[in-house]
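In: here is a sequence together with a model predicted from it:
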Amino acid sequence: MVANPQIHPWQVLERERSQTYNHFGRLANFSVHWSIRDDQQLLPSDAPFSSPEPPVARLFRFLEKKRGTRRTGSNLAGSVGEALFFGALFLLGVGTLSSLLGPHDPGTYDWGKGGWLLILVAASFAIMGGAGLIWTAMRVGVSAERRSVMARTATELDPLSDTLSTAPEYPGLPELSGLINSPGVELSYRLPQTESAGWRLLASTVFALIWNAVACVITVWAIRGHLSGQGDWLFTLFLFPFVAIGGWSVYYLLRLIVIHTGMGPTTVEVSDLPLHAGREYRVAVWQQGHIRVFSFEVCLVCEEEATYHQGTDCRTEVREVFRRVVFEQADFLIEPIQPFQCTFLLTIPADAMHSFQGLHNSVQWRLVVRGSAEGWPEFRRAFPLVVYPGAATSQLKASPPAVRTPLIPYTPAMNGGTNQGAIINGALAATRVRA
C-alpha cells in the first residue's frame, strides 16, 4: 500500500485499521470518515456511518484473537473443568478396558482388528486422562506469565554459580542453595514456600486415579456377574464402601483444586539474600485469586526447634520466640486479572539471633503470610529466610584464657630439704578433688 504524500502517516494508519476491522468483523459493515483540523487532530465527520445499516453487535468467535482483556473466563472454572474432563476420560478408558477384558472365556478374546483397535483407543483414553489429570494438578497455581518470566530471567544467571561452593562463612549457618536458585520478577530472589500444596495435590491425584481405576474394574465385574445370573452379593456389598472411598477421593481432590485455585498462589520476593541483622531490605508480595479479603498481614517470625529423646521416643518441639507484623491491610477485593501487590521495607533487629542449623537444634526465620477471605478458610503460608550475624554480634570475640598462678610460689628444695610450697599446693589440690 502506497501512502499519499499529502496525507499524514497517522491518517494512513487509521485507514489501515478500518480495513482490518472490516475484514475480521463481517457483520459490522460500516466505515468511518475522518477530517483534518489545523491543530492536526482527527475528528469524525457529521455522518460517521456511510452504510444505511446500523452497526450490529459482534458474535463471540473461538478461532480468532480476542480483543479487550486477555482472560475470557474464570481460572477456577478452567482448572475444575480440566480436572473433570481428564477424570472422566480416565474412567471411560478404564471402564471400557475392564468391560472388554473382563470375560473369563478365552474364546471371547477373538475380535479381529476392530476389537484390538477398540482396546487401543480405550487404553489411550486411560493414559491421556491419567496424565492430563496429573498435569492439571501440577500446574494449579502457576501462571504461564510467571513461567515465561522465570525462563527469561534464568538466562541472566551466572552459569558458574552452581559450581561454586555456597558453604557459609560461619559454622552452623544453613545453606543458601535452596533459596537463591529462583530469580524474581521485580526483586532479586523469589522465596520458596515451605508448606506447598503441590505435593499434596499430586499425592491426592495419584491416589484417586489408582483407587477409582480398581473400583471401576471391580464394579464392571460385579455388574457382569449379576447380568449373567452368577452374582455374588457378598462381593457386591464389599463394593459399596470401596466405591464410596473412591467418590470421597474425587471430592477431596476437587476441593483441593478449588481451594488452591480460588485462593490463588502467594509469591514473595526479597531484594537480597542472605539477610544480615540490623540491615533493611525490600520485600514484594503478590496474592492472586478471585476473592474478597477481610484481613491480610505479613509477619516476620523467628522459631526455635529442638529435637530430643524422651525414653525411647524422639520428640520435636517448636517455640515461637519473635514475631513482628511488617505489613497489614484489610477489606479489599482481588480480581483474576489484577492480583494484589504490596511492597514494604523489612528490617531485621540488630541484636537478633542469626539462623542456626545444628544436629538437634535450629533457629529458623520466616516470612508468614496470613489472611482470611469471604467463603474460604483462613490460610497461612510460610517462606524461609536465612539471617547472618550483623555488626553488633559478629564483632564479639572470645576473651583470652586466664593464666592461673599458684597460691604459694614454687621454690626448689635445697640440700635435700622439703619444698613447703609444693606440699601446700598438693594438699589444696587433693582437697579440691575430695570436695
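Out: Right, received. Where do you want to start?
In: for Glu269, see how far away Ala284 is.
Out: With distances defined as C-beta to C-beta, to the nearest Å, the gap from Ala284 to Glu269 amounts to 5 Å. C-beta here means a position set from N, CA and C on the backbone, and glycine is covered the same way.
In: give me the mean pLDDT for stretch 268-275.
Out: Stretch 268-275 comes out with an average pLDDT of 90.
In: quick one: contacts of it?
Out: By C-beta atoms under 8 Å, 6 or more residues apart in numbering, the surrounding residues in contact with stretch 268-275 are 176, 179-180, 184-191, 281-285, 346, 348, 355, 365, 367, 369, 383, 385-388.
In: between the two ends of it, how far is it?
Out: One end of stretch 268-275 sits 15 Å from the other (C-alpha to C-alpha, to the nearest Å).
In: show me what counts as buried in it.
Out: Along stretch 268-275, the positions that meet the burial threshold by neighbour count (16 or more other C-beta atoms under 10 Å) are 268-271, 274-275.
In: among the residues you listed, which are in helices?
Out: Secondary structure assignment (DSSP state H) places none of the buried residues of stretch 268-275 within helices.
In: from those residues, which land in strands?
Out: Counted as lying in strands by DSSP state E, out of these, are 268-270, 275.
In: could you dump these to CSV with distance to Val250?
Out: Shown next, in CSV, are these (distance: C-beta to C-beta, whole Å):
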residue, distance to Val250
Val268, 33
Glu269, 36
Val270, 39
Leu275, 44
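In: for the stretch 201-350 of the chain, what spans make up the strands?
Out: Assigned by DSSP state E, counting those that start in this stretch, the strands in the stretch 201-350 of the chain fall at 266-270, 275-276, 280-287, 291-310, 313-334, 340-347.
In: would you format those as a markdown table with distance to Ile245 included?
Out: Written out in a markdown table, the entries for the strands of the stretch 201-350 of the chain read as follows (distance: least, C-beta to C-beta, whole Å):
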| stretch | distance to Ile245 |
| --- | --- |
| strand 266-270 | 32 |
| strand 275-276 | 47 |
| strand 280-287 | 35 |
| strand 291-310 | 31 |
| strand 313-334 | 32 |
| strand 340-347 | 38 |
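In: of all these, which lies closest to Pro171?
Out: Closest to Pro171 of the strands of the stretch 201-350 of the chain is strand 275-276 (C-beta to C-beta; 17.1 Å).
In: the closest one pairs with which strands?
Out: strand 387-388 (parallel) (DSSP bridges).
In: now the strand it pairs with: average pLDDT?
Out: For strand 387-388, the per-residue pLDDT averages 88.
In: what does that strand contact?
Out: Contacts of strand 387-388 with the rest of the structure, by C-beta under 8 Å, 6+ apart, involve 168, 170, 173, 274-277, 348, 352, 354-355, 365.
In: rerun at 7 Å
Out: Here strand 387-388 makes contact (C-beta atoms under 7 Å, 6 or more residues apart in numbering) with 173, 274-277, 348, 352, 354-355, 365.
In: what sits in contact with each of Ala284 and Glu269?
Out: 186-187.
In: leaving out sequence neighbours, find the closest residue to Leu133.
Out: Setting aside the residues directly before and after it, Leu133 is nearest to Phe86 in space (C-beta to C-beta, 6 or more residues apart in numbering), at 4.1 Å.
In: burial count for Trp248?
Out: Burial of Trp248 is recorded as 12 neighbouring residues (other C-beta atoms under 10 Å).
In: go on, Cys314?
Out: 10.
In: next one: Gly93
Out: Neighbour count of Gly93, defined by other C-beta under 10 Å: 22.
In: check which helix or strand covers it.
Out: When secondary structure is defined by DSSP states H and E, Gly93 falls within helix 75-101.
In: quick one: average pLDDT of that helix?
Out: For helix 75-101, the per-residue pLDDT averages 69.
In: state the distance from Val206 to Ala330.
Out: In this view, Val206 and Ala330 are 39 Å apart by C-beta to C-beta.
In: those two: which is more packed in?
Out: The residue with more neighbours, out of Val206 and Ala330 and counting by other C-beta under 10 Å, is Val206; that gives 14 against 11.
In: any weak-confidence spans in this protein?
Out: Low-confidence segments of the chain (pLDDT under 70): 1-80, 97-117, 119, 137-170, 195-198, 260-262, 392-435.
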